[in-house]
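Engineer: Attaching a predicted model along with its sequence, questions to come.
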Protein chains: 4
Amino acid sequence: MSSELYYADYLQLGRLLGAQRPESRRLGHEAHDEMLFIVVHQAYELWFRQILHELDAVLADFASERLDERSLAAICAKLERITRIQHLLVEQIGVLETMAPQDFLEFRDLLVPASGFQSVQFRVIETKLGLRVRDRPGGGTYVRRFSPGDRRLLEQLDHEPSLFDRVDAWLARMPFLQDDHYDFWSSYRDTLVQMFEADRAVLEQHSQLSDEERAQQLEQLQQSQQQFDCLFDATAYEKARTAGHVRLSRQAFQAALFIHLYRDEPLLQQPFRLLELLVEIDEQLTAWRYRHALMVQRMIGSRIGTGGSSGHQYLRQSAARTQIFGDLFNLASYLVPRSRLAPLPVGLSRKLDFHFSTLGNG
Amino acid sequence: MSSELYYADYLQLGRLLGAQRPESRRLGHEAHDEMLFIVVHQAYELWFRQILHELDAVLADFASERLDERSLAAICAKLERITRIQHLLVEQIGVLETMAPQDFLEFRDLLVPASGFQSVQFRVIETKLGLRVRDRPGGGTYVRRFSPGDRRLLEQLDHEPSLFDRVDAWLARMPFLQDDHYDFWSSYRDTLVQMFEADRAVLEQHSQLSDEERAQQLEQLQQSQQQFDCLFDATAYEKARTAGHVRLSRQAFQAALFIHLYRDEPLLQQPFRLLELLVEIDEQLTAWRYRHALMVQRMIGSRIGTGGSSGHQYLRQSAARTQIFGDLFNLASYLVPRSRLAPLPVGLSRKLDFHFSTLGNG
Amino acid sequence: MSSELYYADYLQLGRLLGAQRPESRRLGHEAHDEMLFIVVHQAYELWFRQILHELDAVLADFASERLDERSLAAICAKLERITRIQHLLVEQIGVLETMAPQDFLEFRDLLVPASGFQSVQFRVIETKLGLRVRDRPGGGTYVRRFSPGDRRLLEQLDHEPSLFDRVDAWLARMPFLQDDHYDFWSSYRDTLVQMFEADRAVLEQHSQLSDEERAQQLEQLQQSQQQFDCLFDATAYEKARTAGHVRLSRQAFQAALFIHLYRDEPLLQQPFRLLELLVEIDEQLTAWRYRHALMVQRMIGSRIGTGGSSGHQYLRQSAARTQIFGDLFNLASYLVPRSRLAPLPVGLSRKLDFHFSTLGNG
Amino acid sequence: MSSELYYADYLQLGRLLGAQRPESRRLGHEAHDEMLFIVVHQAYELWFRQILHELDAVLADFASERLDERSLAAICAKLERITRIQHLLVEQIGVLETMAPQDFLEFRDLLVPASGFQSVQFRVIETKLGLRVRDRPGGGTYVRRFSPGDRRLLEQLDHEPSLFDRVDAWLARMPFLQDDHYDFWSSYRDTLVQMFEADRAVLEQHSQLSDEERAQQLEQLQQSQQQFDCLFDATAYEKARTAGHVRLSRQAFQAALFIHLYRDEPLLQQPFRLLELLVEIDEQLTAWRYRHALMVQRMIGSRIGTGGSSGHQYLRQSAARTQIFGDLFNLASYLVPRSRLAPLPVGLSRKLDFHFSTLGNG
């Protein structure tokens, strides 16, 4: 049969193109723009499916006890593909916005109480990335608006290891940070202390600041420094983690820092790219939520959403609260310029290089 | 029922998300990237469906004997939506290109002889816009690779009025260009003659050109001028049209020029936007084809396509030959700067204004 | 001279390409990525210049007592161009994000206390669009970080009519809403009341809501309705306006609603497009701010910005507070479906049509 | 001084924002859209400057006799940045297209004979990437339209090693392809032969092809196979290279194939990414040229360009002829699916792995 495969059969176009069923048409007064509304959401769901396909493959790779360095490039390629898809998802909002608010009104009430809120695939993506039920606006009550089957799925997923968990464990397992001859942590600490002192000096000499502003910012610096001290104090770190100020385990946080600081070492090149891609995915997700909230405001003003949600304000708050890899964003606070960075000991540097190069150079 | 509409049912997600059936999975050795290949093409087909939804609505509006000015803004909004979707279609190519050529190889042979060439919806879009079978590379033989049903559909559509035909007729019907007191055509001719003389002078004085270049370009100018003389000679124009150098009817071409030149007149504002949007749609379609050809070269090199076509070279030639509204692009050759343009007579200008303004100003 | 104009002279490339002066190079240890930092910001400033060029032209058109309908298409074309540029500005953030946080560190401290906060052109764009000093986070203190000359410019501009003011006045002047035979306001009121009752019914019957959610949302609906009642009560409206819940004058708000509801009338087609474009500009500006805030977090974590600001949190709050045409977004709350809308009286409809059509139909 | 660095001074805004000098303004009848024309081209030149900054850094890295594996990630990051900038360049065309052809006419003649053709930076980018004078449409005559200084620069650059040359040499130097125990070339040859036989079988059994089509495509396959035989015959390869059918040296071509086929080996991960990025840069450049050609047609129709060129047809041909890394595109022709690929011998695989992993696994 494959020898006469036909494009339309291969893509199941009969199903695909028969799946647009405007409510307004069913009720006998078709609203032209309902087709757009359906197609845009279906395109979203197709892309969500693809994102899940990539995410599941990446999770499977991470589930193995010892992640093979050979597979890192392929993992990064999958994550990069997700970011490219996310870019499309943001662009799609602009397509939906070609629908005027009044044209949405023609069929909007017919959709109640269905709502984009109920996109299970989107919730699964969030959950698999690492957004936990307890971090969502509304907490556990958010699952109430799903069908019983979908609810079960979402609640169950909440207990499975997410990409956040897998990356945390993978980072925490990373060797190299300490051996008989080297302790990354103490060599780094000295450098970092100097950095904070420099920042404090900048603030204190800053002529354009009012006393009030200076006081406020010194206060913030103080807080940063305390958070920083946490890194070196296991008990304090766990306290901060319990309080939700940081989410990665301490070992993972240290490894992420190490990767950022020594990212040119051959063995760290792909791990660095991996961390960057996680940040990119998180950023695009947040940006999408925000643009989506603006679009909702534009479409329905300050009225309630079709699903009964309070609309754009809910969505905007939600955008702010759902950063998953926030620690990787905030990592930038702890970096030090290369020029000040202590070089790695030769033995460690050799471990992080290729067998071929090591031989070639040795 | 509608009172308890559920998102997944409304969007027919069961069908939609059950329609991805990789051949490689069916044959027991799933290739990871086949899912991407399928989803990208399905997303294309969803958007094609939406483009057709808009195109059909626009064609229906144009099918009425007398197009109501009230509906022009809505027509333009639909065409603009198409351009926004086309922008997505170009971006999608970049997503497919995240698949490495070797990954495509893992399942490519399983798809033979199916091919994107066989996208009926894409062919219908082309045809409804105005691409005729006889203008396609390969001519009438191109339908041979479709199923009998699809072939019948495509052949039948070829005889129905396309958007090109409708716009041509609408333009040709436009009044205003001539009355007892005014003849756009003769007032315009004088101005235009002066323009060509100026261009000729530029070339003759152009110090950096070699004699050969100058001769070649004067030859081109001569050709342009002959094409231009055509406009004023009905017989010559028909001859050029038969030869395929121009496609719009002479009256339509004149009206399109008139709209471009006097586009600020209130009644001509939306018609001008309409012409611009047709050019934009055509340009995006051509750009998409070209990018698509490059992507195919990247994916399969100079090998034959899955459908047996000779691949990217075929596609590139095809991109060049399928401009539909080429006359509207070339229109720019015939424009004159506003400063040199004869103003419209007061009576005509009033006709093109709003009733309200006319009263208000009168 | 113009006869031998050279590309590099015309574009002043000597100046343009001599204007990149990395501090790190001046200090003898050039950081590779400082060039990117400079070029991205210079590209921003070039585009800001272009946006101001368009904005100034639009403001000049609006400054005339009676805005000619002939010029509306040209105004819309300028605003649409601004939105296209804004789209680039958002894309540019992604280019800057190719700089890793650690690479920024190499030169970041050299820039203190300079900061993107000090982009005068950006502040002028905001101000000319209608963002007032008193609505900015930090209020009047925000000008303190500019040079004396820039500060004077910004403070002076704050007192000049902005695009918001001009559009408000233009809308408020709009005739048509009332004459001897027609009162838009009362015909609209009846329809609207019915809408709110329908929404209330939806909420009360909504089986998936908890009692708490339902109470909360009925409360919100109550608030919406009170805001809506404001429209019909001049005193209450002024009170809401003073409190900052609404910014447009009451007449302007009514006219904007009228335009939305009857946007197919030929005379209202361009005004509707104008309102849509203002919303688009505002949305893009807000989206840009938000993306920018995320980028800053990614680049500097939770540390203080080079200008002494507290970084990304400040910027995110700022994104939320700077909507200028929020009333036009919220307008969607007050729309009614076309099917329920009372048709315009024939006399008014004729006024809004073209002279030509009116004659043709009459 | 740095302690009080001001944003406007740092970015040299005085120069930058004083560099827009419309000819139409100088001549006393300012055309509104000339500012856009200038700003768009200046933005292009700024980005070209940035691209050159990255390209020069990459060329410097490649100029060292032995390219350190440590620097490959940084090289890829620079190339990826170039692709991000190129994406902006394509988007910018859409911004320029908001200018209507007639608005361009208002100042177009004032620019003669200046032309975008004369962008030296663009020519330098092309040349540094590897486009040689002799491969340009028009060949060596193309430099005649530059100023004497620019001409000298371009002619000189034509003799310096380009990125193409550097990458060719780097690939040709690559070890691994042969040692006492392994010969990539012969192991690969066997597999490849089988592939071509499969393709031939597909064509011969292809029921939907006419005899004519089949003959034509078998002919093409024959040609492909001859080109393929070239790979294994040094004399034939050089002949094909002299004839311009292939540009990479034979050793480089082999190494590129090896990298594609075994891209998961840790040491080959970044080289593979490098090859992909070169293809991406080339593709974007070609796509930009094509879009640019369409834009020119839209702006000036079939008239001569301001620089005396024959306009869009010239540009379109030019787009087709200027592929630099075409061999890397065509490489896809020579790939074989992983499933059929002979695994690397253990010793070689170990060389391509990290020292750490090798120890860990050994």
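Structural biologist: Here it is on my side, so go on.
Engineer: distance of residue A:196 from residue C:131?
Structural biologist: Remark: distance between residue A:196 and residue C:131 (CB to CB, to the nearest Å) = 35 Å. Every residue, glycine included, has its C-beta placed from N, CA and C.
Engineer: Which one of those two is surrounded by more residues?
Structural biologist: residue C:131 (21 against 17; other CB atoms under 10 Å in any protein chain shown).
Engineer: so the more buried one makes contact with residue C:325?
Structural biologist: No - contact criterion CB atoms under 8 Å: residue C:131 and residue C:325 do not qualify, at 10.4 Å.
Engineer: So which residues on the stretch 151-300 of chain A come close to chain D?
Structural biologist: Taking CB under 8 Å from any CB of the partner chain as the contact definition, the stretch 151-300 of chain A meets chain D at A:175, A:205, A:207, A:263, A:264, A:265, A:266, A:267, A:269, A:270, A:272, A:273.
Engineer: Out of the residues you listed, who's the most crowded?
Structural biologist: Result: residue A:269 is most packed of these (other CB under 10 Å), 27 neighbours.
Engineer: mind checking the SS state of that residue?
Structural biologist: helix (DSSP: H, G, I helix; E, B strand; the rest coil).
Engineer: That one: what's it in contact with?
Structural biologist: A:263, D:72, D:73, D:269, D:270 (CB atoms under 8 Å, 6 or more residues apart in numbering or on different chains).
Engineer: Show me which helix or strand of chain A is least confident by mean pLDDT.
Structural biologist: Across the helices and strands of chain A, mean confidence by mean pLDDT, DSSP states H and E is lowest for helix A:355-361: a mean of 57.
Engineer: and the residue nearest to the spatial centre of chain A, how far is that from residue B:260?
Structural biologist: Taking CA atoms, centre = their mean, the centroid of chain A lies closest to residue A:282, which sits 2.4 Å from it. For residue A:282, the distance to residue B:260 (CB to CB) stands at 48 Å.
Engineer: Then residue A:19?
Structural biologist: 42 Å.
Engineer: Residue A:53 and residue B:35 touch, don't they?
Structural biologist: Yes - the criterion here is CB under 8 Å, and residue A:53 meets it with residue B:35 at 4.8 Å.
Engineer: is it true that residue A:94 touches residue B:84?
Structural biologist: Yes - using CB under 8 Å, residue A:94 is in contact with residue B:84, at 6.1 Å.
Engineer: tell me, what's touching these two both at once?
Structural biologist: Common neighbours of residue A:94 and residue B:84 (CB under 8 Å, 6+ apart) do not exist.
Engineer: Residue A:178 and residue A:237, how far apart?
Structural biologist: In terms of CB to CB, residue A:178 sits 17 Å off from residue A:237.
Engineer: Name the residue in these two with the higher neighbour count.
Structural biologist: A direct count of neighbours by other CB under 10 Å for residue A:178 and residue A:237 places residue A:237 higher, at 20 against 12.
Engineer: Assign a three-state SS to that one, would you?
Structural biologist: Residue A:237 ends up helix, using three-state DSSP.
Engineer: My understanding was that it contacts residue A:246; is that so?
Structural biologist: Yes - in this structure, residue A:237 is within contact of residue A:246 by CB under 8 Å, at 7.2 Å.
Engineer: joint contacts of those two?
Structural biologist: A:230, A:253.
Engineer: For the stretch 251-362 of chain A, list the residues in contact with chain B, please.
Structural biologist: Nowhere does the stretch 251-362 of chain A come near chain B, counting by CB under 8 Å from any CB.
Engineer: Break down the stretch 251-362 of chain A into its helices, ranges please.
Structural biologist: Taking DSSP state H, counting those that start in this stretch, the helices of the stretch 251-362 of chain A run over residues A:266-300, A:312-321, A:326-330, A:346-351, A:355-361.
Engineer: what's the closest non-adjacent residue to residue A:126?
Structural biologist: Excluding its sequence neighbours, the residue lying closest to residue A:126 (CB to CB, 6 or more residues apart in numbering or on different chains) is residue A:322, at 7.2 Å.
Engineer: pretty sure that neighbour contacts residue A:136?
Structural biologist: Yes - assessed by CB under 8 Å, residue A:322 is found in contact with residue A:136 at 7.2 Å.
Engineer: Give me the helices and strands touching the one helix or strand residue A:73 maps to, please.
Structural biologist: Per DSSP states H and E, residue A:73 falls inside helix A:72-96. Judged by 3 or more CB pairs under 8 Å, 6 or more residues apart in numbering or on different chains; DSSP states H and E, helix A:72-96 is in contact with helix A:34-63, helix A:266-300, helix B:72-96, helix D:266-300.
Engineer: With mean pLDDT as extra columns, can I get those helices in JSON lines?
Structural biologist: Formatted as JSON lines, the helices and strands packed on helix A:72-96 follow (pLDDT from 0 to 100):
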{"stretch": "helix A:34-63", "mean pLDDT": "97"}
{"stretch": "helix A:266-300", "mean pLDDT": "93"}
{"stretch": "helix B:72-96", "mean pLDDT": "97"}
{"stretch": "helix D:266-300", "mean pLDDT": "93"}
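Engineer: Save these as a markdown table, and put in distance to residue A:192 too.
Structural biologist: Converted to a markdown table, those look like this (distance: least, CB to CB, whole Å):
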| stretch | distance to residue A:192 |
| --- | --- |
| helix A:34-63 | 30 |
| helix A:266-300 | 19 |
| helix B:72-96 | 40 |
| helix D:266-300 | 30 |
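Engineer: which stretch among those helices comes nearest residue C:66?
Structural biologist: Of all the helices and strands packed on helix A:72-96, it is helix B:72-96 that lies closest to residue C:66, at 23.0 Å by CB to CB.
Engineer: any idea which helix or strand comes after the closest one?
Structural biologist: Proceeding N to C from helix B:72-96, the next assigned helix or strand is helix B:101-108, under DSSP H and E.
Engineer: quick one: average pLDDT of the helix or strand that comes right after that following helix?
Structural biologist: Downstream of helix B:101-108, the first helix or strand assigned by DSSP H and E is helix B:120-129. Averaged over helix B:120-129, pLDDT sits at 96.
Engineer: what helices or strands is helix B:120-129 leaning on?
Structural biologist: helix B:34-63, helix B:148-157, helix B:163-173, helix B:266-300.
Engineer: C-alpha coordinates for it, CSV please?
Structural biologist: Extracted C-alpha coordinates of helix B:120-129, given in CSV (Å, rounded to 0.1, in the frame of the first residue of the first chain):
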residue,chain,number,x,y,z
VAL,B,120,-5.3,19.9,-3.3
GLN,B,121,-6.1,22.8,-1.0
PHE,B,122,-3.0,24.6,-2.1
ARG,B,123,-3.8,24.1,-5.7
VAL,B,124,-7.3,25.3,-5.1
ILE,B,125,-6.0,28.5,-3.5
GLU,B,126,-3.7,29.1,-6.4
THR,B,127,-6.5,28.4,-8.9
LYS,B,128,-9.1,30.6,-7.0
LEU,B,129,-6.5,33.4,-6.9
